[in-house]
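**Student:** my questions are about this predicted structure, shown below with the sequence.
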Amino acid sequence: MGRVRAYVVVAPGLETLAADELRSIGVTGKVSVTRGGIEADMTTRQMYAVHRWARISTRVLVRVAAGPARTFDELEALVASIGWDDYLAADDPVAVHAASQASRLYHEGAIAERVLGVLGRTADTEGSRVYLRLDRNRATISVDASGASLHHRGWRQAGHAAPLRPTIAAAMLRAVGSDCTTPVVDPMTGSGTIAIEAALIAAGRPHERAFAFQRWPSFEPGTWASVSAPVVARATVPAPIVAADRDAGAVETARGNVVAAGVDGLVTVDRSALNGQRWPVEPSLVVCNPPYGRRLGHREGLRDLYAALGRRIADGGHTLGLLTADDRLARATGLELTERFATTNGGIAVRCWST
Ligand SMILES: C[S@@+](CC[C@H](N)C(=O)[O-])C[C@H]1O[C@@H](n2cnc3c(N)ncnc32)[C@H](O)[C@@H]1O
């Protein structure tokens, strides 16, 4: 395929960090940030590398056509002009996701049916995903290269009540400048997401799961194999990564996840409350997602917890990365904080702060 025009879907708020990450993975073409995504020109090899290494992005769509579509005839001609044999194997079922705004063709079900008619495919929600967006009578058609969302890392076990999205954990680590040589502490680890992300990054471990583009007839196994070597800096001897939680169930879940992610040699998981935890003596990155009083705990009782966290950071000369839904609790740390990004986690608006 040579080059692809990609739209990389990113959770709103993480776009700039995700764009930096794409560049660090080797995307050298034009990268433009929009709300909720990034337009990027890539070689096929770069698109494969993004799937191996991107930790902040959610999904990659490959743009296959764009053009006017004021009538069904025009739409069908545009769909027919695409070289589908690159993306769909014979008889592959297809799921067409149509969206229309401010356009003459507005019936999204009818639009999807026309696309399927041109493709001669049956509809199946589990099939290859084709996205058709009509905006002011102009259609953009894309094929999903990723399959399941990229935040599915494949290690999460059931158990913890309020897990953080790994994509947000990766964004926090990038925002605080995690470099794999400074120890990382997640003192309220829950299911272990932040510590596991830090370990996978430090170990230079690529995503091992399957992606939709591997089923495309145009898939290049040799090119795919060539992006398995780390393209991002990693530590020869990763610094310690310490995870802790006061809750026995959380610790059990975190330990199971650490083993499932294959990073049990890199992460220690201790059951202890914040004040009794043993952190590395050298200045560390303390990256955490404490309770913020909506789903877990109650806000009033949390001020002391945030204040205690702030004291430990200041006393040890550590750097803090903090994700919380409550600015007042962030201020209760008593630390001078800078906002790094604002996004949502599990439908709740949250901000990442750092010292
Ligand atoms: C929002 S959850 C963290 C979720 C986590 N980032 C994940 O991905 O699963 C907050 C965690 O803080 C823990 N916690 C609350 N108070 C604590 C304390 N004083 N010391 C240690 N852990 C505490 C809770 O047990 C809970 O697991």
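**Tutor:** Okay, I see it.

**Student:** now the strands: where do they sit in the stretch 251-355 of the chain?
**Tutor:** 267-271, 285-288, 319-324, 338-345, 348-354 (DSSP state E, counting those that start in this stretch).

**Student:** chain center to the second one: distance?
**Tutor:** Strand 285-288 has its C-alpha centroid displaced from the chain centroid by 19 Å (Cα atoms, centre = their mean, to the nearest Å).

**Student:** before we move on, the earlier item: hey, which of the strands of the stretch 251-355 of the chain is tucked in deepest?
**Tutor:** Highest mean neighbour count of the strands of the stretch 251-355 of the chain: strand 285-288, a mean of 25 (counted as mean count of other Cβ atoms under 10 Å). For every residue, glycine as well, the C-beta is placed using N, CA and C.

**Student:** which elements pack onto that strand?
**Tutor:** In terms of contacts (3 or more Cβ pairs under 8 Å, 6 or more residues apart in numbering; DSSP states H and E), strand 285-288 is packed against helix 166-175, strand 184-186, helix 193-202, helix 299-316, strand 319-324.

**Student:** return the set of buried residues in stretch 111-129.
**Tutor:** Neighbour-count burial for stretch 111-129, counted by 16 or more other Cβ atoms under 10 Å, picks out Ile111, Ala112, Arg114, Val115, Leu116, Val118, Leu119, Arg121, Gly127, Ser128, Arg129.

**Student:** out of the helices and strands packed on strand 285-288, which gets nearest to the ligand?
**Tutor:** Closest approach to the ligand among the helices and strands packed on strand 285-288 (Cβ to the nearest ligand atom): helix 193-202, 3.3 Å.

**Student:** give me every residue in this structure lying close to the ligand.
**Tutor:** 160, 162-164, 187-188, 190-191, 193-194, 245-247, 250, 273-274, 289-291, 296, 305 (Cβ under 6 Å from any ligand atom).

**Student:** and the end-to-end length of stretch 274-286?
**Tutor:** The first residue of stretch 274-286 is 12 Å away from its last residue (Cα to Cα, to the nearest Å).

**Student:** what's it in contact with?
**Tutor:** Stretch 274-286 has contacts (Cβ atoms under 8 Å, 6 or more residues apart in numbering) with 173, 176-178, 182-188, 239-240, 242, 244, 246, 270, 272, 305, 308-309, 312-313, 316-321.

**Student:** over to stretch 72-85?
**Tutor:** 64-65, 67-69, 105, 110-111, 114-115, 117-119, 139, 141, 217-218.

**Student:** CA atoms only: put it into PDB for me.
**Tutor:** Taking Å, rounded to 0.1, in the frame of the first residue of the first chain, the C-alpha atoms of stretch 72-85 are listed here in PDB:
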ATOM      1  CA  PHE A  72     -26.900   7.900  -3.700                       C
ATOM      2  CA  ASP A  73     -25.500   7.500  -7.200                       C
ATOM      3  CA  GLU A  74     -22.600   9.800  -6.300                       C
ATOM      4  CA  LEU A  75     -22.100   7.900  -3.100                       C
ATOM      5  CA  GLU A  76     -22.100   4.500  -4.800                       C
ATOM      6  CA  ALA A  77     -19.600   5.700  -7.500                       C
ATOM      7  CA  LEU A  78     -17.300   6.900  -4.700                       C
ATOM      8  CA  VAL A  79     -17.600   3.600  -2.800                       C
ATOM      9  CA  ALA A  80     -17.000   1.700  -6.100                       C
ATOM     10  CA  SER A  81     -13.900   3.600  -6.900                       C
ATOM     11  CA  ILE A  82     -12.100   2.200  -3.800                       C
ATOM     12  CA  GLY A  83      -9.600  -0.700  -4.100                       C
ATOM     13  CA  TRP A  84     -11.400  -2.800  -1.500                       C
ATOM     14  CA  ASP A  85      -9.300  -5.800  -2.300                       C
END
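
**Student:** report the distance from it to the chain centre.
**Tutor:** 32 Å.

**Student:** show me what the longest strand along the chain is packed against.
**Tutor:** If you go by DSSP state E, the chain has its longest strand at strand 59-68. Helices and strands touching strand 59-68, by 3+ Cβ pairs under 8 Å, 6+ apart, are strand 3-9, helix 44-53, helix 72-80, strand 138-144.

**Student:** that one: partners in the sheet, and parallel or antiparallel?
**Tutor:** Partners of strand 59-68 in the sheet, by DSSP bridges, are strand 3-9 (antiparallel), strand 138-144 (antiparallel).

**Student:** same list (the ones you listed) but as JSON lines, adding mean neighbour count.
**Tutor:** Formatted as JSON lines, the strands paired with strand 59-68 follow (neighbours: other Cβ atoms under 10 Å):
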{"stretch": "strand 3-9", "mean neighbour count": "21"}
{"stretch": "strand 138-144", "mean neighbour count": "21"}
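
**Student:** and these as TSV, adding distance to Arg328 and mean pLDDT?
**Tutor:** Below are the strands paired with strand 59-68 laid out as TSV (distance: least, Cβ to Cβ, whole Å; pLDDT from 0 to 100):
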stretch	distance to Arg328	mean pLDDT
strand 3-9	32	95
strand 138-144	41	97
